[in-house]
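Colleague: from the sequence below, what's the structure:
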Amino acid sequence: MSRARTYALALSSSLKDGKETEVRIARFRQIVKKRGDTRLLGSILRELEVEAELEKGKKAVLVTSSKLSSKLRKEIDELFTNLGWALREEVRAEVIGGAALFLQDSVLIDGTAKKRLQEIFQ
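Modeller: Have a look, this model is predicted:
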């Protein structure tokens, strides 16, 4: 589990009761800063988003290096909707090329160029 994910899960669980939200978020930021992890704040927010979506139901995330064409996006959306999944598309430059599909919290398919390069250089 990544550090950003660990932080996100900790923050999410501390905010569940809805009490002292602002105080808890301020304290969380202090902890992250004290540990020298402020560069992770963006990733932590993305992980919090994912966690919130997971609580709502079956979610799929398609990660690509560039935005899908509207036609392809529509076809993929229809497929996942028919299967009872809500699909979210994420564009990440670090993917380099290809795509990765995550269902709930697990990687189903990782056909990214980044993954292949990692496999080559291990």
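Colleague: what residues are up against residue 10?
Modeller: Going by CB atoms under 8 Å, 6 or more residues apart in numbering, residue 10 touches residue 28. (Glycine included, C-beta is placed from N, CA and C.)
Colleague: can you offset everything so residue one is 23?
Modeller: Sure, I'll start numbering at 23, so the last one becomes residue 32.
Colleague: what does whichever helix or strand residue 93 is part of contact?
Modeller: Element membership for residue 93 (DSSP states H and E) is helix 92-104. Residues outside helix 92-104 that contact it (CB under 8 Å, 6+ apart) are 82, 84, 90, 108, 109, 111.
Colleague: remind me, longest helix of this protein?
Modeller: helix 63-78 (DSSP state H).
Colleague: what's downstream of that helix, the next helix or strand?
Modeller: Beyond helix 63-78 on the C-terminal side, the first helix or strand identified by DSSP H and E is strand 81-86.
Colleague: can you list the buried residues in the one helix or strand residue 35 maps to?
Modeller: In this assignment (DSSP H and E), residue 35 forms part of helix 25-37. Using 16 or more other CB atoms under 10 Å as the test for burial, helix 25-37 gives 26, 27, 29, 30, 33.
Colleague: what separates the second one from residue 85, distance-wise?
Modeller: Going from residue 27 to residue 85 by CB to CB, to the nearest Å gives 15 Å.
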